[in-house]
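J.: my questions concern the predicted model and sequence given below.
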Amino acid sequence: MSSRINDVFDQAAGKAQKAQGESLGTFLASLTTSGAILGLGIMVYILLKWKCPGYYYQRAHQIPDSKWKPTPLHLRTLFSPIPDPDLKHASGFDNYLLDRYMQTMLRIFALLGLIILPVLLPLNIIDGRNELGGVRGLDRLSFSNIGLSHTGRYWVHLVLAIFAIITVCYSIQGELRDYARLQSSLRWEGYRRTCLLLISRSEKQLSVDAIKRRFHNICGGVHQVTINRDFSNLRTKLCRRDVLIRKLETAETTLIRRANQQRRISRRVGDGCDSTSLPPWMKYLHQKNRPTMRLPLFPWLPAVPLIGPQVDSIHHLRAEVAQHNLEIEWHQLHPNEFPPVNSAFVYFNKMLSTPLAALALKARLPPTWTLKQGTTANDIIWRNVSISWWQQCVRTTVVYLFVALLTLGFAFPVIIIGSLSQIRYLVNVVSWLRWMDSLPSWLMAVIQGVLPPAMLALITTAVPVALRLLANIQGHHSRQDVENCVQIYYYTFLFVQVFLTVSLSAGITTVIGDLADKITSTPAVLAQNLPKACNYFFSYILIHTFTTVALTLVEVNGFLALFVLSSIFDKTARQKWMRGQALGLNKWGTFIPVLTNTACIGLIYSVIAPLILIFSTIYFGALWLLYRSYPPKLTELDLAPSGLFYPTAIRQLFTGVYFTELCLAGLFFLVRDADGKAACTAQAIIMIFATVFTALFHYGLNHGHGLQWLPFAKIFKQQADQIDNRVWPKIPQASPDQDEALTSARPILWIPKDELGVADDEINHTMKTYGSIWISNEGASLERGKLKIWGELPGSSR
């Protein structure tokens, strides 16, 4: 059976080059399908905007005012220098960098297209191998169509490849330089001194005096040192209180719903009583109609349905919340009761962005001390600050292992999907697929051109969730660092699975055999298989472009979340508000790698199959215009944007450069003239030297400025908006000097207003009985049985 499977893959790969005329039909099918998807998306968008104008108005205004708007489009905009942003606040920095990234990629591919296409397309097709040489369809425009008697033309490919490499490297250098300049030059209101996280591997406990002695004359001296403590027990209480708050809100909202629903469908249950002395809910409900819950038999056991004492949910949860509030506030007032850990935040009087400061800090460090970048209070993952160095090493090793397994483990399903592009040949080999011979030719073309990219997109949707979970387990102290790890892991996954595995899947058994015989044959193996996959990526980029435009216009995920999932799962005002806050959020850790991977694919094929430059230009041009009109929300609202994704995405372009050089070197070594002799050895050697120079340039780019300390520890003022007319006790603000466990305020219980007045009565009763519980019904209401949100979460803006 295994030999038959090998024959399936190998014969499919062999016949792919003998019948390339079908590639054109497959491409046209993909183009037609992509256009149909785009047209359908535009029609649905127009229909929904007409039927649901409120949703699309809300969507258009959900991106916060960033104080930055895209520059007006002109013909000279594409090739003129990208202007610096005029930002008074940091909220638009991520949107500016995304716009800059898209414009940079569009500029690169447009320039390469203007130079390479007019030269290589006629060079490849005139006097080429064509059908007599087994080259048909779109492959006549590629590297593989050069005739055996015209091998001298490959010098043109070499020159243009070097031009493309220099163009990309020059752009990378310029963008990284401009990013560093922007980070150091922009000054926003609320900028404060930077800080570093110091971790010690020594058994000796860190002390404030020892730290100040080490850094007393660096960066203006040490302003403050905060020794971190292990607040894990306090954090457990905070999490438990949050759970109780959500349960109590659910019980209160259920009581309000039941009373108002009974009011609409039946008479009062207390007609014989004085209605003024009864709570509003008792006029329409019996005591047995109140929400109830089961308590566990033992405190260390979970609650089990139908087992354990049954109690009134509201009364029990109120008492639990009040008790937790008092215990938490006592612990917050006595932080010294918690044990210290061997880490500290060191605050300097001046910025830490200059190379000299970074080198001076490194020179002053004892061998057992490690410095990490400081960050803002909202960005700190405080539960990871107390993790010891060896725990983080173990976690990092385990996470790397699982990321590698996840990345490589997806190879098999992707191989199967890639083989679907050769389904016509599989039908002739596998007997139980013979029934597909009766399918119309247009349907077979759709299966070969449309089904593989669609299935590939489907199986990759679950990967970002797994990678983000692994990155959180790794133990980073910054949420931005976690997202940056997700960006690196997800890009690695996409490049291996979407590009590398798909490119090799048509002849995977032969590839494995070749690599097993000699590992140095990797460039040759890649060179042999890459030209076969170019038509697949033509279809992939087209479908991805049009589906992205259609899905962004319609905003299917947000529409389903707001009108379907919210009505089914959101039972409280808080749940509904939190779902609304998440609408339109595309975290940059999984958003940017898709763009970078497509850019690398375009670079790799820019000389091998120059037609891809047209599709890459269309891709980045269309999405550039799209995201200027509908800017994605890349960062959560409580985080100050840092733009950390930008240098990572720019540096990842080197992957495309290296693979371009290695694959072209392999292709040049494989070129034979009419006498069967190697004809392009000189070009291959020059390309190997180009790879070495690229590596040296890359090394100098990463180490030319010493340590890279990004000054993103900026604190921004938060405006306190009034949610209602009540005078709330002062809520402590998040401070970079204190763990969030010490500054976490009492959450405000949020219930909806109602016509019967049950919510007002519950508020009065709660505040009289438990003074430690804050409760509000402002910003939410119950209208005809439906929960409406028209304000902000109480306490969210203070």
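T.: All right, it came through fine.

J.: tell me the pLDDT at the residue nearest the centre of the chain?
T.: With distances taken as Cα atoms, centre = their mean, Thr590 lies nearest the centre of the chain, 2.3 Å away. Thr590 is assigned a predicted lDDT (pLDDT) of 92.

J.: one more: Leu613?
T.: For Leu613, pLDDT reads 95.

J.: what's around it, how many residues?
T.: Look at Leu613: counted by other Cβ atoms under 10 Å, it has 26 neighbours. In this view, the C-beta of every residue, glycine as well, is placed from N, C-alpha and C.

J.: what's the burial count for the closest residue to the residue nearest to the centre of the chain other than its chain neighbours?
T.: Of all residues not flanking Thr590 in the chain, Pro464 sits nearest, at 4.1 Å (Cβ to Cβ, 6 or more residues apart in numbering). Number of residues near Pro464 (other Cβ under 10 Å) recorded here: 19.

J.: mind checking which helix or strand Pro464 is in?
T.: Using DSSP states H and E, Pro464 falls within helix 463-473.

J.: need the contact partners of that helix.
T.: 395, 398-399, 402-403, 406, 410, 482-483, 485-486, 489-490, 493, 587, 589-590 (Cβ atoms under 8 Å, 6 or more residues apart in numbering).

J.: hang on, the earlier thing: phi and psi next, for the residue nearest to the centre of the chain.
T.: Per-residue torsions, Thr590: phi -110, psi -10 (degrees, to the nearest 10).

J.: in helices, which of the contacts of helix 463-473 fall?
T.: By the criterion of DSSP state H, membership of the contacts of helix 463-473 in helices covers 395, 398-399, 402-403, 406, 482-483, 485-486, 489-490, 493, 589-590.

J.: tell me which helix or strand of the protein sits lowest on mean pLDDT?
T.: Within the chain, no helix or strand scores below helix 2-16, which has a mean of 40 by mean pLDDT, DSSP states H and E.

J.: show me what the very next helix or strand once past that one is packed up against.
T.: As assigned by DSSP H and E, the chain's next helix or strand after helix 2-16 is helix 21-51. Using 3 or more Cβ pairs under 8 Å, 6 or more residues apart in numbering; DSSP states H and E, the elements in contact with helix 21-51 are helix 53-60, helix 441-449, helix 522-554.

J.: let me see the mean pLDDT of helix 21-51.
T.: Per-residue scores along helix 21-51 average to 77.

J.: cool, stretch 671-682 as well?
T.: Stretch 671-682 comes out at a mean pLDDT of 82.

J.: next one: that stretch to chain centre, how far?
T.: Taking Cα atoms, centre = their mean, to the nearest Å, one finds the center of stretch 671-682 at 46 Å from the center of the full chain.

J.: what's the span of that stretch, first residue to last?
T.: End-to-end distance of stretch 671-682 (Cα to Cα, to the nearest Å): 11 Å.

J.: pull out the buried residues from it.
T.: Neighbour counts over stretch 671-682 (16 or more other Cβ atoms under 10 Å) mark 671, 679-680 as buried.

J.: just checking, Glu661 touches Thr691?
T.: Yes - with contact defined as Cβ atoms under 8 Å, Glu661 reaches Thr691; the gap is 4.2 Å.

J.: for those two, indicate the residue with more neighbours.
T.: Legend: neighbour count by other Cβ under 10 Å for Glu661 and Thr691, higher for Glu661 (24 against 19).

J.: for the more buried one, list the residues it contacts.
T.: 161, 165, 687-688, 690-691, 694.

J.: about what we covered before: what about the buried residues of stretch 671-682, which are in helices?
T.: Among the buried residues of stretch 671-682, no member lies in helices (by DSSP H).

J.: now those in TSV, with distance to Met293?
T.: Formatted as TSV, these follow (distance: Cβ to Cβ, whole Å):
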residue	distance to Met293
Val671	76
Ala679	81
Cys680	77
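
J.: quick check, nearest of those residues to Arg76?
T.: Nearest to Arg76 out of those is Cys680 (Cβ to Cβ; 39.8 Å).

J.: I figured the closest one hits Ala665, correct?
T.: No - assessed by Cβ under 8 Å, Cys680 is found out of contact with Ala665, at 9.7 Å.

J.: the helix or strand Lys788 falls within pairs with which strands?
T.: Under the criterion of DSSP H and E, Lys788 resides in strand 786-789. Strand pairing for strand 786-789, using DSSP bridges, gives strand 780-783 (antiparallel).

J.: just give me how far the partner strand sits from the chain centre.
T.: 34 Å.

J.: now that strand: mean pLDDT?
T.: Averaging pLDDT along strand 780-783 gives 91.

J.: and it, what's buried?
T.: For strand 780-783, using 16+ other Cβ under 10 Å, the buried residues are 780-782.

J.: need those residues in CSV (columns: distance to Phe109).
T.: Formatted as CSV, those follow (distance: Cβ to Cβ, whole Å):
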residue, distance to Phe109
Ala780, 49
Ser781, 52
Leu782, 54
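
J.: Leu644: which of those residues is nearest?
T.: Closest to Leu644, out of all of the buried residues of strand 780-783 and judged by Cβ to Cβ, is Ala780, at 35.6 Å.

J.: look up the closest residue to the closest one, ignoring the ones flanking it.
T.: Using Cβ to Cβ, 6+ apart, the nearest residue to Ala780 is Ala573, at 3.6 Å.

J.: give me the number of residues near the one you found?
T.: If we define neighbours as other Cβ under 10 Å, then Ala573 has 26 of them.

J.: what residues are up against it?
T.: By Cβ under 8 Å, 6+ apart, the neighbours of Ala573 are 249, 253, 750-752, 779-780, 787, 789.

J.: residues in contact with Phe697?
T.: Counting by Cβ under 8 Å, 6+ apart, Phe697 has contacts Cys169.

J.: next helix or strand past the host helix or strand of it?
T.: Applying DSSP H and E as the criterion places Phe697 in helix 681-703. Next helix or strand after helix 681-703 toward the C-terminus (DSSP H and E): helix 740-743.

J.: that following helix packs against which elements?
T.: Short answer (3+ Cβ pairs under 8 Å, 6+ apart): helix 740-743 packs on helix 232-265, helix 313-333.
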